[in-house]
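Peer 1: what's the 3D shape of this:
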Amino acid sequence: MTANLWTASNLAMEGEVVHEYEGFIGWVLSLMTTLGEPGVGVALFIETFFPPMPSEAVLPGAGFLAYDGHMNVWLAILWATIGCLVGAWGFYAIGALLGRDRTKWLVEKTPLLEVEDFYKAERFFARFGGLAVLLGRCVPLVRSFISVPAGIERMPILKFSVYTVIGSAVWNSIWIGLGYAFGPAIKPILVQWSGLISNIVLVVIALLFLWFVIVRVRKLLKARSADNAPTL
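Peer 2: Next up, the predicted model:
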């Protein structure tokens, strides 16, 4: 009887969190509330392969939920780090399985990607090695793709995993910690303005993605026209 009452109370609490907040913020909080701490890992795994959903917009939500009593802050950091590690293994496997030439070919054939990006990642990894993996975990976009040259160079998987865990744990701790620390201040704001804030976040993400697409398309068109220009 007591267990049933406890379960019902938990479900009611989760439903309150789900319906109290709106929009993108509500969806993120709902995912993490429904799945608990593993939901933080799922969100970070998705972020690894879908950079437009930045971890900077997800991790503070986990910290806020921890402040609000819906999850353990240390388990949230642990699961976020696990999600980052599994995602990093995915990109590492791509580089290791395809090798340098096929990965380079794939980059060349993928719309909006430039082979120069591939070369830059190679040079960055060749110069800093394990440190590139460690520091790269704290840099947007880089934290996902730095695993590819690590896989191509067959960096020892244990060493790669250790660097990834350390870098990810630091990054996750900072953002989850901020959400936890500022929970008392941001809760009233989220309750009243979560829908508006969600729309602003989505608009900013969309504008950044649009800017990225426009810049890349212009560069590709310019390069193509230069290649087709008659030589004198």
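
Peer 1: was I right about K219 contacting V115?
Peer 2: No. Applying Cβ atoms under 8 Å as the test, K219 and V115 come out as separate, 11.8 Å apart. C-beta coordinates here come from the backbone N, C-alpha and C atoms, glycine included.

Peer 1: tell me the buried residues in stretch 100-111?
Peer 2: Buried residues in stretch 100-111, counting neighbours by 16 or more other Cβ atoms under 10 Å, are found at T103, K104, V107.

Peer 1: now tell me what touches stretch 38-46 from outside.
Peer 2: 28, 31-33, 35, 53, 55, 58-59, 62, 71, 76, 79-84, 86-87, 172 (Cβ atoms under 8 Å, 6 or more residues apart in numbering).

Peer 1: ok, 7 Å please
Peer 2: 28, 31-32, 35, 53, 55, 58, 62, 76, 79-80, 82-84, 86-87 (Cβ atoms under 7 Å, 6 or more residues apart in numbering).

Peer 1: now do the contacts for C84.
Peer 2: L44, T48, R137, T164, S168.

Peer 1: just the ones of these in helices?
Peer 2: Among those, the members found in helices (DSSP state H) are L44, T48, T164, S168.

Peer 1: any chance of these in CSV, with neighbour count, pLDDT and distance to V203 too?
Peer 2: As requested, the ones in helices among the contacts of C84 are exported to CSV (neighbours: other Cβ atoms under 10 Å; pLDDT from 0 to 100; distance: Cβ to Cβ, whole Å):
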residue, neighbour count, pLDDT, distance to V203
L44, 26, 84, 23
T48, 23, 76, 23
T164, 27, 92, 32
S168, 26, 90, 28
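
Peer 1: can you pull the contacts of the closest residue to G167 other than its chain neighbours?
Peer 2: Of all residues not flanking G167 in the chain, R137 sits nearest, at 3.0 Å (Cβ to Cβ, 6 or more residues apart in numbering). With contacts defined as Cβ under 7 Å, 6+ apart, the neighbours of R137 are C84, R143, T164, G167, S168, W171.

Peer 1: and stretch 90-102, what's buried?
Peer 2: Applying 16+ other Cβ under 10 Å to stretch 90-102 flags F91, Y92, I94, G95, A96, L98 as buried.

Peer 1: out of the helices and strands in this protein, which is least certain?
Peer 2: Counting by mean pLDDT, DSSP states H and E, the chain has its least confident helix or strand at helix 2-20, which shows a mean of 44.

Peer 1: burial count for H70?
Peer 2: H70 is flanked by 20 other residues according to other Cβ atoms under 10 Å.

Peer 1: and the pLDDT for the residue nearest to it when sequence neighbours are not counted?
Peer 2: Nearest-residue entry for H70: T33, 5.8 Å, with adjacent residues in sequence omitted and distances by Cβ to Cβ, 6+ apart. We have a pLDDT of 76 for T33.

Peer 1: look up how far E114 lies from T33.
Peer 2: Note on T33: its distance to E114, by Cβ to Cβ, to the nearest Å, is 40 Å.

Peer 1: also V170?
Peer 2: 30 Å.

Peer 1: do the same with N172
Peer 2: N172 is 30 Å from E114, by Cβ to Cβ.
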